[in-house]
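Enquirer: heads up, no residue letters with this:
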């Protein structure tokens, strides 16, 4: 490749702002200046060597035009976009590139000029396939910023254009020709579906009973009777009393309004969530977009996260499945009533309901399995019948007849005052009646539940849902008033029950000529309280009401039967509960959840066998109220988190109204049935705890994440205004561990005393740079996942540097945020220091000096077997290589990872790479490597009974004592006892022991023993001194054997060398290290862990080699050893 440096272009015409040189790649070309661009070819031909021509932007000029330096076969006309030369082609990697049809140079039209920088385009923000089935991406920063040393756009598409309308139409036509999904608008998909689901079983066969129980109004019966008794005294008094009666709050209307308030607030919250962008469902593609079929589950899970979403998803799916049973039982009740009228019961009423219900749900299952289009067609037919039945009822209420009067139907407004007040019977209360009615309002999510089948869910859901709530709410109020105004509560159905002069009768029926007082003893078959089919009596054409009942119940049952499997399928696809993944599979062009249909059928059938509508309804109410509470709380939570991503296009919501809706739902749950509400909440809590414990690897950008960020940021800022206090000191550790799986023992030990107590950062100094940015990103993500998987609570922080010391300096100074900043550097001991380059030792020791200069404490861990296991491929298991090849530059890297750390299926590398998984059977490990591997896991297991020996020789502020104390607070180290060793004099041993015991007791640190070493200054053994002499021999300067100038020059070149003067000056300190090793072997050879004050070396005076020899001599042939030196600021206090 040409190595010619960029140069500014001088042109008399001054027509260009950029000069772009064409860089040729020819394997046989010698290095030298790049050839100039050839004239544009007239015949469209191209020399073979120009197939690798690329652009290089080399400078700016002052004029406004642009000279793009096109290849020889492409002419350029300023301000002319050659759309006819643009073609789309696929790279085979899931991306679409737009390239010039005459060359392989990527062609981009921006502001009428050819440039690779893309203008804003919606395609760049999509998360699913484009109309042509391939993802469109903007040019990466490296493609625009880096030197041009590879083919542009190899990582994606630089595309600022949308396909033309003709191209989109052709793509959509092709998709439909292949059998595309059926889509619905807001009327057919949401409004009709919601109305059918709300106008369910309660409208025709329970609304009259609710009016009979709760009354139209809340006026007491005696007040109504008083009003009736004085009706004939004065027209003015009657009107005044009637007015005061009518002004009282109504109970049935109150029930309807309460349910409407709950559903309206929930509808507003649903609209806000549904219009806050497109939720990915993974299956249903709407042009460029994908929307979910998960309905309420997706609304909650994508807002609050998988913990709440997973739990409420199961409950909501179950509630819909039970709702199928409720609607089918309502249908079966009507059928059995008809059979009973013609004396055609098969067995008895209860068993007949079970038989009819079973046959009905089988028929509905067949319709649902047939597909969404058949289900939608059935909904239209049912809606027409339902509307006709409702109109028929209202017409009939204005047409009373004498034949219907014995059954309690007298017409307007004779019965209004009597039915205005409540008359609860059979133990019913306001809230028990509300619990039976509320399932009628639960159809508001019928449209959202099939949002994946909507053409434009963001527009359809708000319009359809809110309009459906309004229409159905008014309908329920009108039916309640009409039924309460026309029909008495009890009637015998006997024409002979007329008023006799001898009977003192005062109720409304008496004034109309009938005496139903016998009904007070019970047993009357007619009236609001007794006849569930009373609306058929009122209507002008009874069979049409029966058809309406069939329509309402069957349509609602069908909607629930469709909704429940789709919600459950969406939940299973997220794999939050792994055991349920079998139900995630879909079939057919609409991805129908056939297995979910079967499961819903089984649940519905089980509740159909209960055959009691008033038992099934309260169960559903609790589950739906819990779902609505979480939907409302989702909106409040998202608004409270103030995430920039929370931008609903639906503006008619309020976070405090949503919170009030959530609280209202919870209150109503407990008032209806406190134990059922408690069970529901316990189920939600249990599922929440399970998901929290399992921690599914999903990232939905939930409001929980946003709120945690806000809280963390707020707390971090608050901490910056608080001065550090010794009582709150925590060892916040920066651990130089390299790749986290390279030195597991180091991370596991530090995690033992920092987990849930303080900060740990796994620092990684990388000395080998790479140009593959993808590799950097994947390495970072992989390392952080490793820490999370191993439950090591730490942050991974890599830096690039030329050497360890410089990288450590970057980490020591830059890592952390406010008070969350490391104060202790933790390193592994450099076991192989004598076999490597001494310049590495120089950097290692200087890193320790740098930490002290920055007032860090320093901790060094030494295991005799070593810490680094990165050279053991697969760590004792089969080796797996992920070979990621990025074409065409072949940026290749291999990551060896054990079998239990493979990436899961949803953690695949980006589509720009091709992954090859290769299994390699490792050779048997050597005995040394086996011991190293076993040693690396020793801190992972529980430590048995033993001791942690603390050699607190020098007061460093207390860090040497604090770390072992924190360790013993952990369950793994709970059986270990602390033994303290201190230096002292022979004649003061008892005094020193008592003084240390007093200090430890004031620090409130338990200890098992205190040992005072009176012989610490005894001369070491001769053979140990000889061993040390042999150790330092290769590193001595030996200045007496050479000229002074040569010695100084060698010392300057190799500053780590040990001078004779240095040896003599620190002879006593050297002997102390040798002697301490002897004492350590004598007293602590069986300890589980030794924590010892680390010797200090004066910077600039003690050479790196001598200091390393001290550390080597002090720590060799011992159990696990922690060398600790605090920053000599107190970290312990005995003051309260």
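Expert: Nice, thanks for sending it over. In this text the structure is predicted, and so the values were computed from the model without any measurement.
Enquirer: Quick check: the closest residue to residue 399 other than its chain neighbours vs residue 394, distance?
Expert: Computed as CB to CB, 6 or more residues apart in numbering, the closest residue to residue 399 that is not its neighbour in sequence is residue 540, at 5.7 Å. In this view, the C-beta of every residue, glycine as well, is placed from N, C-alpha and C. In this view, residue 540 and residue 394 are 9 Å apart by CB to CB, to the nearest Å.
Enquirer: Then residue 439?
Expert: With distances taken as CB to CB, residue 439 is found 24 Å from residue 394.
Enquirer: Neighbour count for those two, which is higher?
Expert: Set side by side, residue 439 and residue 394 show more neighbours around residue 439, with 30 against 15, by other CB atoms under 10 Å.
Enquirer: show me the contacts for that one.
Expert: Taking CB atoms under 8 Å, 6 or more residues apart in numbering as the criterion, residue 439 is in contact with 200, 202, 323, 326, 617, 620, 621, 624.
Enquirer: Kindly report the same for residue 1076.
Expert: With contact taken as CB under 8 Å, 6+ apart, residue 1076 is in contact with 951, 953, 1016, 1092, 1114.
Enquirer: Could I get the phi/psi values of the closest residue to residue 814 other than its chain neighbours?
Expert: Among residues not flanking residue 814 along the chain, residue 799 sits closest, at 8.0 Å (CB to CB, 6+ apart). Phi and psi for residue 799, reported as degrees, to the nearest 10, are phi -140, psi 150.
Enquirer: how many neighbours does residue 799 have?
Expert: Using other CB under 10 Å, the number of residues around residue 799 comes to 16.
Enquirer: repeat for the one 3 residues further on
Expert: For residue 802, the neighbour count with other CB under 10 Å is 11.
Enquirer: my guess is it contacts residue 766, does it?
Expert: No - taking contacts as CB atoms under 8 Å, residue 802 lies outside contact range of residue 766: 10.6 Å.
Enquirer: per-residue confidence at residue 54?
Expert: We note a pLDDT of 37 for residue 54 in this prediction.
Enquirer: Any stretches of the stretch 751-900 of the chain with poor pLDDT?
Expert: 769-774, 873-900 (pLDDT under 70).
Enquirer: Which parts of it are helices?
Expert: Using DSSP state H, counting those that start in this stretch, the helices assigned to the stretch 751-900 of the chain run over residues 773-789, 804-814, 838-853.
Enquirer: Ok, the stretch 201-350 of the chain next?
Expert: 201-205, 207-214, 221-229, 235-246, 251-274, 296-304, 306-341, 349-369.
Enquirer: Can you tell me which of these is nearest to residue 1062?
Expert: Among the helices of the stretch 201-350 of the chain, helix 306-341 comes nearest to residue 1062, with 61.9 Å by CB to CB.
Enquirer: ok and that closest one relative to helix 349-369, angle-wise?
Expert: In terms of direction (axes from the mean of the first three to the mean of the last three CA atoms, to 10 degrees), helix 306-341 departs from helix 349-369 by 130 degrees.
Enquirer: Rounded mean pLDDT for helix 306-341, please.
Expert: On average, helix 306-341 scores 86.
Enquirer: And stretch 938-950, by the same measure?
Expert: Rounded mean pLDDT across stretch 938-950 is 90.
Enquirer: what does that stretch contact?
Expert: 744-745, 748-749, 752, 863, 960-961, 964, 967-968, 971-973, 975-981, 1008, 1083-1084, 1086-1092, 1120.
Enquirer: That stretch: which residues count as buried?
Expert: 938, 939, 943, 947, 948, 949, 950 (16 or more other CB atoms under 10 Å).
Enquirer: Next, the distance between the ends of it.
Expert: For stretch 938-950, the first-to-last residue distance is 19 Å (CA to CA, to the nearest Å).
Enquirer: Please work out how many residues are found near residue 1068.
Expert: 8.
Enquirer: My reading is that it lies in a helix. Confirm?
Expert: Yes - counting by DSSP: H, G, I helix; E, B strand; the rest coil, residue 1068 is found in a helix.
Enquirer: Need the pLDDT of it.
Expert: As predicted, residue 1068 sits at a pLDDT of 90.
Enquirer: quick one, what contacts it?
Expert: Not one residue lies near residue 1068 by CB under 8 Å, 6+ apart.
Enquirer: try residue 650
Expert: Neighbouring residues of residue 650 by CB under 8 Å, 6+ apart: 268, 271, 272, 274, 275, 462.
Enquirer: can you redo those residues as a markdown table with distance to residue 359 and neighbour count?
Expert: Formatted as a markdown table, the contacts of residue 650 follow (distance: CB to CB, whole Å; neighbours: other CB atoms under 10 Å):
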| residue | distance to residue 359 | neighbour count |
| --- | --- | --- |
| 268 | 40 | 23 |
| 271 | 39 | 25 |
| 272 | 42 | 27 |
| 274 | 37 | 28 |
| 275 | 42 | 19 |
| 462 | 38 | 25 |
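Enquirer: So which of these is the closest to residue 1000?
Expert: Nearest to residue 1000 among the contacts of residue 650 is residue 272, at 59.8 Å by CB to CB.
Enquirer: any chance of the contacts of residue 650 in JSON lines, with distance to residue 473 and pLDDT too?
Expert: What follows is those, written out as JSON lines (distance: CB to CB, whole Å; pLDDT from 0 to 100):
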{"residue": "268", "distance to residue 473": "14", "pLDDT": "91"}
{"residue": "271", "distance to residue 473": "16", "pLDDT": "86"}
{"residue": "272", "distance to residue 473": "20", "pLDDT": "87"}
{"residue": "274", "distance to residue 473": "21", "pLDDT": "80"}
{"residue": "275", "distance to residue 473": "22", "pLDDT": "81"}
{"residue": "462", "distance to residue 473": "17", "pLDDT": "88"}
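Enquirer: any idea which of the residues you listed is closest to residue 564?
Expert: Looking across the contacts of residue 650 and measuring by CB to CB, the closest to residue 564 is residue 274, at 19.5 Å.
Enquirer: my read: the closest one touches residue 448, true?
Expert: Yes - if you go by CB under 8 Å, residue 274 and residue 448 touch, sitting 6.5 Å apart.
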